[in-house]
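K.L.:
Pasting a predicted model and its sequence here:
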Amino acid sequence: MKSRFIFLFLSVSLLWILLILRAAYLQILPNQKLSKLQNRQFNTVVELNPRRGVIYDRNGVELAASVAAYSLYADPSILKAPKTTSRQLARLLRMNPSRLFKKLKDSDRKFVWIARRLNRRTKEKVEKLKIQGLAFVEESRRIFPHEKLLGQVLGFVGGEGQGLGGLEWKFDHLLHGVLKKVSLRRDAFGRPLLMNGRIFSESTDGADITLTIDSSLQYALEQELYSTVEKYQAKSAVGLILDANTSEILAMANVPTFNPNRPLRVQQEIRRNRAVTDPIEPGSTMKAFTIASGLRAGLIAPNTRFYCEDGEFKIGNRTIREADKKHKWEWLTVSEILAYSSNIGSSKIALKLGDERIEEGLRDFGFGDKISEDLPGESRGVVPTLPWREHLLANISFGHGLSATPLQVANAYAAIANGGVLHRPFIVKSIRNKETGDLEVFEEQSVHRVLSEKDAATMRLLLMGVTNEGGTGVNARIKGFSVAGKTGTAQKVNEEGRYSRTKFVSSFAGFVPANDPKYVIYIVVDEPKENYYGSEVAAPAFAKLAQISTRRAGLQPTLITQDDVLKSENQQRHMRTHQIARKVSVELDMKSSTVPDLRGLSLREALQLLKPFDLDISVHGHGRISRTEPMAGTSLEKGPLSLYLEKDSF
């Protein structure tokens, strides 16, 4: 008995020693297999998106931000009544109960997502159910506090927090931050260990982006486009406001727009930023670049005359006509061709220059190529490859037969406004890295000089003539400021590939104040009903936005005088180009027995120039000369020359 007792004691003692050694081995020495088993049993790894960076406007207004949200998950292994739970949650979360039950009925699973990024109110409703096995993870949810404002430009975010359109997509790699993985601890029974029902973790948040956008101007632009679309029952409208000197995008709008908080409620077509994705045939706004190409080639001047064929110009078996059948001009100067928007006059200029010079000018102004690095989906537009037939050359001279995005047109006008330099338009002003605190600031970027300062000054004056009495852009004028710009009315191409007689694109492109440009504004209205001329549809919208822009900038109204037109000494030599050119040409006109172009001159200036020619002159009215009888360019026979004067004429 004694020996048996000793054997039993030694056996038990040896067993305990082995157990102690094994425990010490497990506790002290590492074991990769057991470690993996422990992690699998007591941990669940959940991937969570970090807080997305904020998008601000230039004045610090939040355009896109992230707020706290709550994602619901379940542990099916400890749910007591998965079918009942499925019905209760489906009612609260508006989900399919049968699909939810499929997730919850598998008791072998330890973790399943139920719903992501719920608001606090919904979270509290779920918590009131007091269902064991449900818990929340705190995440962030993207919101757009101004709803539809800048919708297509900002884009939207998907269910997993990824950018799916606009700037949200373009800069997703910066806004998104670093993806975080959260280790969800469990107890011995496999239940989640939580702190007040939530899991907290730290991660690197996304960068903050500040845009060049002015949200006040953006709001004004969108409201005016909505008003114009409603008034003319148009299909859609696009508008842009650029800083004339830097090409910063201050406002960019598409109407109809959409709410990026609920992006799937509209068609994909509406979510496109048509200001950069949808090129159009711009129409007569392109005449400015035809004339600019002629000026820089030295082949035309503001007073160069072209015979405009009395309203019909045959090129081969094709006929070029004016936009309005009532317009049957004979001789027009270059300044009049632009002011009256003569298709035939523009065609004659293009034919004089040739296709190579016109094509080179268009490409130098940025047409036919992408011009922005910030905006996704940008189209190049279409500038046809050379050579061009004469009829195509004529069409391109007045904005048909090629296509351009609204951003390209607006930016090309900025090159005229700022003195002849093409800049690259941009919308991102700065990016701030939250982790390092580094701030990257973006400045204007010039591409190349497209016009000399002299030619740019001349173009500004010619475009001012468009908005004076008698010009097509008179409805774009505003009180107290000089305005320069050009109307556009383009026929749309129908499904058969022919120009429609009922569908048009109306537009106006210009800048204000014309003497010292601050803002470039471009308005495009697609398929307006009844009235469809750019002068009637788009020009008034331009005027309202120009008035708002100048007022908001605190610009003081100015009188249009010689000192106001251009500031530098070099530019002053070219101010009032119409009058100066006419003065120089008067003697030549008189020697050739034709009536000189005296419009815009004072009576004293005109009489002084005409004195050597011993003419019978009669004067009517007060102010500056608005017209003559006989009209300028016609034969001057023996007889009276009548000068008609009006106030503020030029």
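P.N.:
Done, it's in.
K.L.:
So for Glu312, what's the pLDDT?
P.N.:
At Glu312, the pLDDT value in this model is 92.
K.L.:
Grab the nearest non-local neighbour of Leu154.
P.N.:
Gly166 (5.1 Å; C-beta to C-beta, 6 or more residues apart in numbering). C-betas here are computed from N, CA, C, even on glycine.
K.L.:
what's the neighbour count on that neighbour?
P.N.:
Using other C-beta atoms under 10 Å, Gly166 is surrounded by 26 other residues.
K.L.:
and this structure, what are its domains?
P.N.:
Using automatic domain parsing, the domain parsing of the chain gives 45-211, 231-246+273-570, 586-646.
K.L.:
Just name the most buried of those domains.
P.N.:
With neighbours defined as mean count of other C-beta atoms under 10 Å, the domains of the chain peak in mean count at domain 231-246+273-570, which reaches a mean of 21.
K.L.:
how far does that domain sit from the chain's center?
P.N.:
On the basis of C-alpha atoms, centre = their mean, to the nearest Å, domain 231-246+273-570 is displaced by 16 Å from the centre of the chain it belongs to.
K.L.:
Give me the three-state assignment for Ala632.
P.N.:
Classification of Ala632 by DSSP: H, G, I helix; E, B strand; the rest coil places it in coil.
K.L.:
Now do the contacts for it.
P.N.:
Trp331, Thr333, Thr594, Val595, Pro596, Asp597, Leu598, Arg599 (C-beta atoms under 8 Å, 6 or more residues apart in numbering).
K.L.:
got a markdown table for the domains of the chain, with distance to Gln267 too?
P.N.:
Formatted as a markdown table, the domains of the chain follow (distance: least, C-beta to C-beta, whole Å):
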| stretch | distance to Gln267 |
| --- | --- |
| domain 45-211 | 12 |
| domain 231-246+273-570 | 12 |
| domain 586-646 | 51 |
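K.L.:
Pick out the residue nearest the middle of this protein.
P.N.:
Centroid check for the chain by C-alpha atoms, centre = their mean gives Met252 as the closest residue, at 3.7 Å.
K.L.:
Now the element after the helix or strand hosting that one, going C-ward?
P.N.:
Using DSSP states H and E, Met252 sits within strand 249-255. Once the chain leaves strand 249-255, the next helix or strand it forms, by DSSP H and E, is helix 268-271.
K.L.:
Touching that following helix from outside, list them.
P.N.:
Gly151, Gln152, Gly155, Phe156, Gly165, Pro256, Thr257, Phe258, Pro263.
K.L.:
Could you measure from the first one over to Gly437?
P.N.:
Yep, that's Gly151 we're talking about. 31 Å (C-beta to C-beta, to the nearest Å).
K.L.:
for the last one, same thing?
P.N.:
Pro263 sits at a distance of 33 Å from Gly437 (criterion: C-beta to C-beta).
K.L.:
Which positions in stretch 258-270 come out as buried?
P.N.:
Across stretch 258-270, burial judged by 16 or more other C-beta atoms under 10 Å covers Phe258, Pro260, Asn261, Pro263, Ile270.
K.L.:
Let's have the residues you listed in JSON lines, adding pLDDT and distance to Gly381.
P.N.:
Listed next are the buried residues of stretch 258-270 as JSON lines, based on pLDDT from 0 to 100; distance: C-beta to C-beta, whole Å:
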{"residue": "Phe258", "pLDDT": "95", "distance to Gly381": "25"}
{"residue": "Pro260", "pLDDT": "95", "distance to Gly381": "27"}
{"residue": "Asn261", "pLDDT": "93", "distance to Gly381": "32"}
{"residue": "Pro263", "pLDDT": "91", "distance to Gly381": "27"}
{"residue": "Ile270", "pLDDT": "94", "distance to Gly381": "22"}
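K.L.:
closest to Lys235 among these?
P.N.:
For the buried residues of stretch 258-270, the residue nearest Lys235 by C-beta to C-beta is Ile270; the value is 11.6 Å.
K.L.:
phi, psi of Arg58?
P.N.:
phi -60, psi -20 (degrees, to the nearest 10).
K.L.:
Who are the contact partners of it?
P.N.:
Each residue near Arg58 by C-beta under 8 Å, 6+ apart is listed here: Thr210, Leu211, Thr212, Ile213, Asp214, Leu250, Lys429.
K.L.:
The third one touches Pro425, doesn't it?
P.N.:
No. At 9.1 Å, Thr212 does not count as touching Pro425 under the criterion of C-beta atoms under 8 Å.
K.L.:
Identify the contacts common to those two.
P.N.:
By C-beta under 8 Å, 6+ apart, Thr212 and Pro425 have these common neighbours: Glu248, Ile249.
K.L.:
Lys503 - nearest residue in space that isn't next to it in sequence?
P.N.:
What sits nearest to Lys503 in space, not counting adjacent residues and going by C-beta to C-beta, 6+ apart, is Lys492, at 4.2 Å.
K.L.:
The one you found sits in which helix or strand?
P.N.:
Applying DSSP H and E, one finds Lys492 within strand 484-493.
K.L.:
circling back to that earlier point, pull the most distant pair out of the buried residues of stretch 258-270.
P.N.:
So for the buried residues of stretch 258-270, where distance means C-beta to C-beta, the most widely separated pair is Asn261 and Ile270, at 14.7 Å.
K.L.:
Who are the packing partners of the helix or strand where Ser347 lies?
P.N.:
Following DSSP H and E, one finds Ser347 within helix 343-353. Using 3 or more C-beta pairs under 8 Å, 6 or more residues apart in numbering; DSSP states H and E, the elements in contact with helix 343-353 are helix 287-297, strand 305-307, strand 312-315, strand 318-321, helix 334-340, helix 390-397.
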